[in-house]
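J.: sequence and predicted structure below; questions after.
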Number of protein chains: 2
Amino acid sequence: MEGDPEQGVTAAALRQMAETADPRLRRVMESAVRHLHDWAREVSLTPEEWLFGIRFLTAVGQGCTEARQEFILLSDVLGLSSVVNALHDDGLREAATESSLLGPFFREGALALELGDSIARHDAADLAVFGRVLDAEGNPVPHAALQVWQTGAEGLYDLQHRDLADMDLRGCFRADAEGRYHFRTVRPLGYAIPMDGPVGALVHAQGRHGMRPAHIHFLVGAPGYRELVTALYLADDPHIGSDTVFGVSDAPVVRPEAGLADSLHPGLPAIGYDFRLAPATEGETGGRVGADPSRLLAPVS
Amino acid sequence: MEGDPEQGVTAAALRQMAETADPRLRRVMESAVRHLHDWAREVSLTPEEWLFGIRFLTAVGQGCTEARQEFILLSDVLGLSSVVNALHDDGLREAATESSLLGPFFREGALALELGDSIARHDAADLAVFGRVLDAEGNPVPHAALQVWQTGAEGLYDLQHRDLADMDLRGCFRADAEGRYHFRTVRPLGYAIPMDGPVGALVHAQGRHGMRPAHIHFLVGAPGYRELVTALYLADDPHIGSDTVFGVSDAPVVRPEAGLADSLHPGLPAIGYDFRLAPATEGETGGRVGADPSRLLAPVS
């Protein structure tokens, strides 16, 4: 082979992949191989480092179980999930609420609650959340469905410390005819990603705290609109500017204020936020990162 | 976050990684994150494709066992192993034989044979191999050690179809005082990489044949010289120009010729090749791709 042998390998790899029948697979893999090789050359990757990387990725794969997806966690802490999410939002940015990551703690079958109810079954509510669901032009979306889930004051989701049957800090609401919603809850606490696996070891080696700032997840939908996966992040969390999984990105950041919802929930500090839904596009698959949670939670084959 | 949200995520990720204590880990991961994000943006990676990739990498990790390293296979078919190998050879290129991949079929404990012996225990030899082991200046390296292993006429290594105790088509030789070596064998056949896992599925989807051209592996060493892992590839193999793992790269390509070694092995077609060893450098770790086979064969933790 002529010329620079490393470049020769890249050219040979691209040549072999040129027969890929699926043009999209071809494009994605050609770019992947170029970047992979460029990275190795750029850092002069040594054989020892290569082997370390092989072992790291193997451990990440073998750390995946039905209950834990360590490769998604790796994608999250490297910012890839957030980049993909942001790419998916492109073109909707003007009109709709920025989406965020669904995360691994979404559950099917959360209780249907009445507007104003508390989603906290074990603790007294100390926070109200209210607002409206609007379309891209700012008109109310009547009877929009909202699903809410969050950590409690210990920074844990119900899945992490309660019996499976004991759903807590999650619920489904239906907005009223003017698109209004409101509910009560406890103030969520930020939390660390799982730090006991290979991804946690990487985050630790990078001198990162591994924390996510406190947030409340929302899944908002109505017929004719694109389902919105988002979260409200609390502005006064100490890690609001350094989310380990970059989920905050340009997602909504809110600040609880006293007196804001006194007419609905006297005496409780409140968060007010209006969601904006984009119209559903033709052939909408609902396949954004995490929009079909059953796929994320399904065992990886 | 201001500006383009995808770029914002990249900047935030690099900012978080800036506290990495190990400067080398910092450099390798910064470049990795830049290339990873650039790739996602360049191809506008969709959430469905992202999830497909997560599942693919998870399957690769879970396909790894003590007997099979599917992530090394992935690195091989994407050309990364060969790029790393070539990077490692930089600076030695002028003086020494180009190295190649060790591959997964190296074994400790191959029989010590006499010069001229056949490494084929089950079939009559139909090929001779001879030459010298030289230093970078072309002087003989006396009594250099050569370990040889290869597939037989079915394209299988002994490990793939014989009892573990029945070592075949491998052996250890010691060159004479003038660095000369010679032995007999059967002509090796090319073979397919393992195609029954996720990496095989990718190679198949890329319209690639998955074949490696026929070759004979060599591990050549002598005190004071850098251990050489290389292979002689047969020029008349139909896949010599399209090795699925890019191991040929600029490794030695040879052509058996009649009469070439008639003084040693009358009537056998022969391959003649002189190996050149680079001097050992200070602090040499023997850590090239595959140079320490015990690490590649060890279970991945």
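T.: Perfect, I can see it now.

J.: indicate the residue of chain A located nearest to chain B.
T.: A:Gly61 (1.0 Å; Cβ to the nearest Cβ). All C-beta atoms are positioned from the backbone trio N, CA, C, and that covers glycine.

J.: state the helix or strand in which that residue lies.
T.: Assigned by DSSP states H and E, A:Gly61 falls within helix A:47-62.

J.: after that helix, which helix or strand is next?
T.: helix A:70-77.

J.: who are the contact partners of the residue nearest to the residue of chain A closest to chain B when sequence neighbours are not counted?
T.: In space, and not counting its chain neighbours, A:Gly61 is closest to B:Gly61: 1.0 Å by Cβ to Cβ, 6 or more residues apart in numbering or on different chains. By Cβ atoms under 8 Å, 6 or more residues apart in numbering or on different chains, B:Gly61 lies in contact with A:57-64, A:71, B:70-71.

J.: quick one: secondary structure of A:His182?
T.: Going by DSSP: H, G, I helix; E, B strand; the rest coil, the secondary structure assigned to A:His182 is strand.

J.: if it is in a bridge, with which residues?
T.: Beta bridges link A:His182 to A:Phe130 when assigned by DSSP bridges.

J.: just checking, it touches A:Leu115?
T.: Yes. Assessed by Cβ atoms under 8 Å, A:His182 is found in contact with A:Leu115 at 5.8 Å.

J.: higher neighbour count, the two?
T.: Neighbours were counted for A:His182 and for A:Leu115 using other Cβ atoms under 10 Å in any protein chain shown; A:His182 has more, 20 against 15.

J.: quick one: the biggest helix by length in chain A near chain B?
T.: When chain A is parsed with DSSP state H, its longest helix is helix A:23-42. Yes. Judged by Cβ under 8 Å from any Cβ of the partner chain, helix A:23-42 and chain B are in contact via A:24-29, A:31-33, A:35-42.

J.: filter those to the buried ones?
T.: Among those, those buried by neighbour count (16 or more other Cβ atoms under 10 Å in any protein chain shown) are A:25-26, A:28-29, A:31-33, A:35-42.

J.: quick check, nearest of the residues you listed to A:Phe218?
T.: A:Val28 (31.1 Å; Cβ to Cβ).

J.: thought that closest one was touching B:Ser44?
T.: No. Applying Cβ under 8 Å, one finds A:Val28 not in contact with B:Ser44, separated by 9.6 Å.

J.: give the contact list for A:Val77.
T.: A:193, A:199, A:202-203, A:208, A:244-245.

J.: what's the burial count for A:Gly109?
T.: Neighbourhood size, A:Gly109 [other Cβ under 10 Å]: 8.

J.: ok, and the closest non-adjacent residue to it?
T.: A:Met167 (7.6 Å).

J.: what number of residues lie near that neighbour?
T.: 18.

J.: ok, now the one 10 residues further on?
T.: Other residues near A:Ala177 number 8, with proximity taken as other Cβ under 10 Å.

J.: who are the contact partners of it?
T.: Counting by Cβ under 8 Å, 6+ apart, the residues that A:Ala177 touches are A:140, A:142-143.

J.: of these, grab the buried ones for ChimeraX.
T.: Those of these that count as buried under 16+ other Cβ under 10 Å are selected in ChimeraX with:
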select /A:140
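
J.: keep only those of the contacts of A:Ala177 that are in helices.
T.: Per DSSP H, these never map to helices.

J.: and of the contacts of A:Ala177, the nearest to A:Gly259?
T.: A:Pro140 (24.3 Å).

J.: tell me the contacts of the closest residue to that closest one other than its chain neighbours?
T.: Once flanking residues are discounted, A:Pro140 sits nearest to A:Gly179: 3.2 Å by Cβ to Cβ, 6+ apart. Shown in contact with A:Gly179 (Cβ under 8 Å, 6+ apart): A:132-134, A:140-142, A:144.

J.: try it again with 6 Å
T.: Shown in contact with A:Gly179 (Cβ atoms under 6 Å, 6 or more residues apart in numbering or on different chains): A:132-133, A:140-141.

J.: can you pull out the low-pLDDT segments for chain A?
T.: A:1-6, A:90-96, A:98-101, A:282-301 (pLDDT under 70).

J.: returning to that earlier point: which of the contacts of A:Gly179 fall within strands?
T.: A:132-133 (DSSP state E).

J.: do a quick rundown of the helices in the stretch 101-250 of chain A.
T.: Per DSSP state H, counting those that start in this stretch, the stretch 101-250 of chain A carries helices over the ranges A:158-161, A:198-205.

J.: next, the buried residues of the last one.
T.: Right, helix A:198-205. For helix A:198-205, by 16+ other Cβ under 10 Å, it's A:198-200, A:202-203.

J.: quick revisit: helices or strands up against the longest helix of chain A?
T.: helix A:5-17, helix B:23-42, helix B:80-89 (3 or more Cβ pairs under 6 Å, 6 or more residues apart in numbering or on different chains; DSSP states H and E).

J.: pipe those helices into JSON lines and attach distance to B:Leu277 per row.
T.: Output for the helices and strands packed on helix A:23-42, formatted as JSON lines (distance: least, Cβ to Cβ, whole Å):
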{"stretch": "helix A:5-17", "distance to B:Leu277": "19"}
{"stretch": "helix B:23-42", "distance to B:Leu277": "29"}
{"stretch": "helix B:80-89", "distance to B:Leu277": "13"}
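
J.: not counting its neighbours along the chain, what's nearest A:Pro213?
T.: A:Asp237 is the one closest to A:Pro213 (Cβ to Cβ, 6+ apart), at 3.7 Å.

J.: count of residues packed around that neighbour?
T.: Neighbour tally, A:Asp237, other Cβ under 10 Å: 20.

J.: that one against A:Arg212, yeah?
T.: No. Applying Cβ atoms under 6 Å as the test, A:Asp237 and A:Arg212 come out as separate, 8.8 Å apart.
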